[in-house]
Structures are given as C-alpha cells and as structure tokens.
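>>> The sequence isn't on hand, but the structure is:
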C-alpha cells in the first residue's frame, strides 16, 4: 500500500470516520439508497464517497459527499466508475491518483479493505 492508501486506511479506523459514517447511515435510515436493502452479513451496508473533494473533512458535507449503499450496489458503482472514459483507454476513478485504492466501512462497524482490481472492486 502506498502512503495515501495507508493514510486512508487509518482514517477509516478513526472514531471521526465511524461517527460520520454512522450519521450518514442514520440519515439514510440504514437502507441502501439504490436498491433499498437493509444490509446482511453477506451484503453489508457501506458508506460511499460521492465526491473525494472533502476527503478527511466530510463532517460538514455528509449530505453532499456521502451515501449509504449495500455492498453489491457499492461494488456496481465502482465497476461503473472504472469504465473507459476516453479514447486513450483512461478508466474513470481507476486512473485518478487522488482516489485511494482501498476502502469501505460497513454497518457492523468493521472495516473491510478491498483493493480495487483491474476488473472491478
């Protein structure tokens, strides 16, 4: 993991992030905002960054920058964002150096690290 990924991974363990993620889940009534799932052991709820513009300072942007998704929908969003976005083969978030390669926070309060692979999340 590079320094940025390590910093992000440590941030996801912080009380600050856990409180922010919990608040977003409360706002979304602990439901995936795409499919309505309530989260299960096999498909936990996670908090997704809509924008990384305020990374590490989301507390004032909870409504704008974050959304609750189930793992399946979260995975689908990342797959969509890795689509080819120009004729040179650039791929959405995959080629944005500001986006950490690992992340997720689930409803159980545990952190799971998933490295974004070439073929998806």
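Looks like it came in fine. All of these numbers come straight from a predicted model, not from anything done at the bench.
>>> Run through the residues that contact residue 67.
24, 28, 33, 47, 48, 50 (CB atoms under 8 Å, 6 or more residues apart in numbering). All C-beta atoms are positioned from the backbone trio N, CA, C, and that covers glycine.
>>> Report the separation between the fourth one and residue 73.
Between residue 47 and residue 73 the distance, using CB to CB, to the nearest Å, works out to 12 Å.
>>> The two: which has the busier surroundings?
Each of residue 47 and residue 73 has its neighbours counted (other CB atoms under 10 Å); residue 47 has more, 27 against 21.
>>> ok, the closest residue to that one other than its chain neighbours - how many residues close by?
Leaving out its chain neighbours, the residue that sits closest to residue 47 by CB to CB, 6 or more residues apart in numbering is residue 21, at 4.2 Å. Neighbour count for residue 21, taken as other CB under 10 Å: 24.
>>> again with residue 6
Other residues close to residue 6 by other CB under 10 Å number 12.
>>> where does it fall, helix, sheet strand or coil?
Following DSSP: H, G, I helix; E, B strand; the rest coil, the label given to residue 6 is helix.
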